[in-house]
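*Asks:* What would the 3D arrangement of this be:
(one chain, ligands or ions: 2)
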Amino acid sequence: MAPSVTLSAPAFAVSAPGKVILFGEHAVVYGKRAVAASVDLRTYLFFEPNTGDQIHLSLPDVNVTLMIPCCDIPLFDECANHPNFYETHFSALVADQGLQARAAILAFLYLYSKLAFRSRRLNPGMPTRGFTIRTRSFLPVGAGLGSSASFSTCLAAALLKHFDLLTGPAAARQDLVNEWAFRAEQVIHGHPSGVDNCITTYGGAKLYRKGEGTHDLAGFGGLRFVLVDTCVPKNTKQMVAGVAAFRERYPSVVNPLLDAVDGIAETFQALVATTPAAQLANHPDVARLIGLNHVLLSLLGVSHTALDTIRDVARRHGLAAKMTGGGGGGCALVWIPQGK
Ligand SMILES: Nc1ncnc2c1ncn2[C@@H]1O[C@H](COP(=O)(O)OP(=O)(O)O)[C@@H](O)[C@H]1O
Ligand SMILES: C[C@@](O)(CCOP(=O)(O)O)CC(=O)O
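*Replies:* Ligands and ions are numbered 1, 2, ... in the order given. Next up, the predicted model:
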């Protein structure tokens, strides 16, 4: 008989989808509505406990291979500081890492630190256990399709499970994953709206507003899109900070643009509610709203010449297109009406 190895807990895998924002990116950060849906490209996380006290992180999508002894990670209590408050405490562990790697490792360290603290308080006798985390994503990183939220959801689910904190009914467990995925997003993005982690945790096609949560928008799920990647690298944190600075300088100019984006999401919600799916699939208002949203995002300063070119080429072929996600690069979506 083959020798068997007894591990304290079995290995497991989790996965989470990416997302696409049809309407409302950036405005959603300011409490406006957004329309978004999950896409069938996923991030996978493989979790394997070990018998030592070493954590091995293998995140090849952002060039990370790291060994950290558990005891090197300081544990923080539950106080409500913004995740970035803790960054200095982890600086030795992320020295010499590139920007993408640094954000990913900091998100891991923050979740580990807080969840280990909580677990130790609930189960004081529980031994510290090492593990290996390996992730692989089919999403392009930094292209507006929610790779960070997809990664954050996987990380939150895996660490909550490792620390025996995923308890209660399924809906409550999902809410907990969403809450901690949001905190990881705060580490990576600074001030996320929460729409991305909501979609990568719960899936589906939804209308989202910060503080209110989501409404299902099943009719949106039937629309067809082509995603075009400009391959221009972008950074959501910088794009969101750029809009914040613009708004602070010219509030009376920028706030009406954000309100107009909100009006687009609201109009689309009403259209979905009153239009049979077969008509929605080639309704001219969908194209108009897509075109308008792209223009408003350009005015907010978050488009890019490559994204504008995709919109122009699509228009020459009678199709509507807009940037999606943080902008400044990344992906555009082109709507393909039924019969085209
Ligand atoms: N597969 C992954 N493994 C590790 N970190 C990831 C992964 N995907 C995304 N990230 C983290 O998310 C960041 C990208 O976030 P962002 O700029 O918002 O782009 P996106 O639009 O793809 O979410 C990366 O810099 C990295 O820190
Ligand atoms: C610009 C924003 O609305 C969406 C960002 O999406 P992504 O990170 O580019 O996939 C930011 C947010 O909602 O937190």
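*Asks:* contacts, neighbours, all on C-alpha from now
*Replies:* Will do.
*Asks:* Pretty sure residue 210 sits against residue 197.
*Replies:* No. Taking CA atoms under 8 Å as the definition, residue 210 is not a contact partner of residue 197, at 11.8 Å.
*Asks:* and the two? which has more neighbours close in?
*Replies:* Counted by other CA atoms under 10 Å, residue 210 and residue 197 do not tie: residue 197 has more neighbours, with 32 against 17.
*Asks:* Same question for the more buried one, what's its three-state structure.
*Replies:* helix (DSSP: H, G, I helix; E, B strand; the rest coil).
*Asks:* give me the element the closest residue in space to it that isn't next to it in sequence is part of.
*Replies:* Once flanking residues are discounted, residue 197 sits nearest to residue 149: 4.9 Å by CA to CA, 6 or more residues apart in numbering. Assigned by DSSP states H and E, residue 149 falls within helix 147-162.
*Asks:* right, is the very next helix or strand once past that helix up against ligand 2?
*Replies:* For helix 147-162, the succeeding helix or strand toward the C-terminus, using DSSP H and E, is helix 170-189. No. Helix 170-189 stays clear of ligand 2 (CA under 6 Å from any ligand atom), getting no nearer than 7.3 Å.
*Asks:* what do you get for stretch 34-53?
*Replies:* No. Contact of stretch 34-53 with ligand 2 (CA under 6 Å from any ligand atom) is absent, the minimum separation being 8.2 Å.
*Asks:* What residues of stretch 113-133 count as buried?
*Replies:* Neighbour-count burial for stretch 113-133, with 16 or more other CA atoms under 10 Å as criterion, is recorded at 113-119, 129-133.
*Asks:* can you check stretch 330-340 too?
*Replies:* 330-337.
*Asks:* which one of those sits closest to residue 321?
*Replies:* residue 334 (4.2 Å; CA to CA).
*Asks:* hang on, the closest one in a strand?
*Replies:* Yes. Judged by three-state DSSP, residue 334 forms part of a strand.
*Asks:* Apart from its chain neighbours, what residue comes closest to it?
*Replies:* Spatial nearest neighbour of residue 334, excluding adjacent residues (CA to CA, 6+ apart): residue 321 at 4.2 Å.
*Asks:* Same check on residue 130?
*Replies:* residue 53 (4.1 Å).
*Asks:* For the one you found, grab the count of nearby residues.
*Replies:* Residue 53, neighbours per other CA under 10 Å, totals 16.
*Asks:* got a list of what it touches?
*Replies:* 69-71, 128-131 (CA atoms under 8 Å, 6 or more residues apart in numbering).
*Asks:* Residue 28 reaches residue 209, doesn't it?
*Replies:* Yes. Counting by CA under 8 Å, residue 209 is a contact partner of residue 28 at 6.7 Å.
*Asks:* residues shared between the contacts of these two?
*Replies:* Common contacts of residue 28 and residue 209 (CA under 8 Å, 6+ apart): 34, 195.
*Asks:* Which helix or strand in this structure has the lowest average pLDDT?
*Replies:* Across the helices and strands of the chain, mean confidence by mean pLDDT, DSSP states H and E is lowest for helix 91-94: a mean of 84.
*Asks:* Determine whether any part of whatever helix or strand comes next after that helix lies close to ligand 1.
*Replies:* Under the assignment DSSP H and E, the closest C-terminal helix or strand after helix 91-94 is helix 99-122. Yes. Residues of helix 99-122 contacting ligand 1 under CA under 6 Å from any ligand atom: 100-101, 103-104.
*Asks:* partners of whichever helix or strand comes after helix 99-122 in the sheet?
*Replies:* Tracing the chain past helix 99-122, the next element assigned as helix or strand by DSSP H and E is strand 131-137. Strand 131-137 pairs in its sheet with strand 34-49 (antiparallel), strand 54-59 (parallel), by DSSP bridges.
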